[in-house]
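Participant: Give me coordinates for this.
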Amino acid sequence: MTVADETELLVRTRRDLHRHPELGFQEHRTAGIAAERLRAAGYKVQTGLAGTGVVGTLHGGAGTGPTLLLRADMDALPIHEQTTHDFPSGTEGVMHACGHDAHVAIGLAVAERLARSRGEWGGTVKYMFQPAEEGLGGAVGMIDAGVLDGVDAALGLHVWLGLPSGIVGVVQGPQMAGAGEFHVTIHGRGGHGAIPHETVDALMIASQCVVALQTVVSRTVSPLEPAVVTVGSFHAGTAHNVIAATAELVGTLRAFDPTLLDELPGRVEGVIAGVCAALGATYDFQYRKEATPTVNDRRLAEIVRVEAERIVGAERVRTDPDVRTMAAEDFGDVLEQVPGCYFFVGGRNEERGMIHPHHSAHFDLCESCMPVGVDVLEAAALRVLKGGLAS
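Facilitator: Take a look at the predicted model:
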């Protein structure tokens, strides 16, 4: 296959997937395409893992070696697309607004390249096409299904609008934050807006909680340690002259350090408990951990850096701390159990208006980043499969 033919297939695959987005654990069409292409390339294919997950396994022809997991996530988001390109979503209210269509296309191209060169490398490739990355626990489901059995290392990538198209971003240590979601219900005593002294105003108390929660990071976390506490939803009250009996807060917690991430829910609940006790209310607190911090292994991050610099040039590879993001990604659950590296390939193009953030209804990416992703991921994989972990 020529470079031009491969690039045309890469773009065509991404656009086809973009037209047919599927939500988490509903990726039946996408999984079918992945399974069909993997089988055609010579992989032994397992389907139906964690519902809709697919794993293709391929043994190299150059003797023994490590077992390397490569991963692409498949799911879309419940967003009504508002882009202007000529391949919009054909499914109402569902959109590939995070680049997972590109991840699948890149993953299939890398899988096919590795199959064509299998006589040159040893060991085993396990290519995971994962469902339900968007907060639904798809990675954990695949792990529970045994995808990490025998795996020595793992690699993955994310097209990233925070970087210009084709720029590679990789760091040693945390690349993306861990995350959790909290729900709080404040229980007061409702009443007439003109008689507030006979009530316990849940809306006012929840407002005090929102303000007080700003001290969790600023006064309980080291200034040298990144952390986020955000209240993203606040609902209370029904009428202009009714004091609310209940109020609901929903928010997110983020941190790079796994221990800190585990401590933050207790600190948040402590603030809420104190405010409610002082003002005469009670509360319910619920917390769900969504993702473990995505922490890159030093050796594998160095392999990615070296291969990326060889392919795109050192000036187009960033390793500074600003590459990191407090956004979360469930590949962290994989890297918690096996050493690996998750890196970014920039997809931003300001001249073409590809500037909107991930999870935006206007999200689009510069497709020139996709061949870069294929080249770097393949090169890093080959380096591992040819003994790079031992060097």
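
Participant: which residues of the stretch 101-250 of the chain fall in strands?
Facilitator: 124-130, 153-164, 168-169, 173-187, 191-192, 227-236, 242-243, 246-255 (DSSP state E, counting those that start in this stretch).

Participant: Return, as residue ranges, the portions of the chain with sub-threshold pLDDT.
Facilitator: For the chain, the stretches with pLDDT under 70 are 391.

Participant: re earlier: what about the strands of the stretch 101-250 of the chain, which gets the closest to Leu279?
Facilitator: Closest approach to Leu279 among those (C-beta to C-beta): strand 173-187, 9.3 Å. Using the backbone N, CA and C atoms, a C-beta is placed for each residue, glycine as well.

Participant: partners of that closest one in the sheet?
Facilitator: Take DSSP bridges as the rule and strand 173-187 pairs in its sheet with strand 246-255 (antiparallel), strand 282-291 (antiparallel), strand 294-296 (antiparallel), strand 325-328 (parallel).

Participant: out of the strands of the stretch 101-250 of the chain, nearest to Arg14?
Facilitator: Among those, the nearest to Arg14 by C-beta to C-beta is strand 153-164 (9.8 Å).

Participant: still on that earlier bit, can you list the strands paired with strand 173-187 in TSV and add distance to Gly138 and mean neighbour count?
Facilitator: Formatted as TSV, those follow (distance: least, C-beta to C-beta, whole Å; neighbours: other C-beta atoms under 10 Å):
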stretch	distance to Gly138	mean neighbour count
strand 246-255	19	21
strand 282-291	11	16
strand 294-296	14	25
strand 325-328	13	20
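
Participant: can the ones you listed go into TSV with extra columns for distance to Gly61?
Facilitator: Compiled in TSV, these are given as follows (distance: least, C-beta to C-beta, whole Å):
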stretch	distance to Gly61
strand 246-255	44
strand 282-291	37
strand 294-296	30
strand 325-328	38
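
Participant: Which of the ones you listed sits closest to Glu336?
Facilitator: strand 294-296 (7.6 Å).

Participant: If you count neighbours, what's buried in whichever helix or strand comes after that closest one?
Facilitator: The first helix or strand that comes after strand 294-296 along the chain, using DSSP states H and E, is helix 298-312. Using 16 or more other C-beta atoms under 10 Å as the test for burial, helix 298-312 gives 299-309, 311-312.

Participant: what's near enough to touch Leu385?
Facilitator: Applying C-beta atoms under 8 Å, 6 or more residues apart in numbering to Leu385 gives the contacts 60, 65-66, 68, 121-123, 125.

Participant: So which of the strands paired with strand 173-187 is nearest Leu335?
Facilitator: Comparing the strands paired with strand 173-187 under C-beta to C-beta, the one sitting nearest is strand 294-296, at 5.7 Å.

Participant: what's in contact with that closest one?
Facilitator: 170-178, 256, 258, 328-329, 331-332, 335-336, 340-343.

Participant: Now list the buried members of the residues you listed.
Facilitator: 170-172, 174-178, 256, 328-329, 331-332, 335-336, 340-343.

Participant: circling back to that earlier point, ok, which of the strands of the stretch 101-250 of the chain comes nearest Leu377?
Facilitator: Leu377 lies closest to strand 153-164 among the strands of the stretch 101-250 of the chain, at 5.6 Å (C-beta to C-beta).

Participant: Report the buried residues of the closest one.
Facilitator: Buried residues in strand 153-164, counted by 16+ other C-beta under 10 Å: 153-164.
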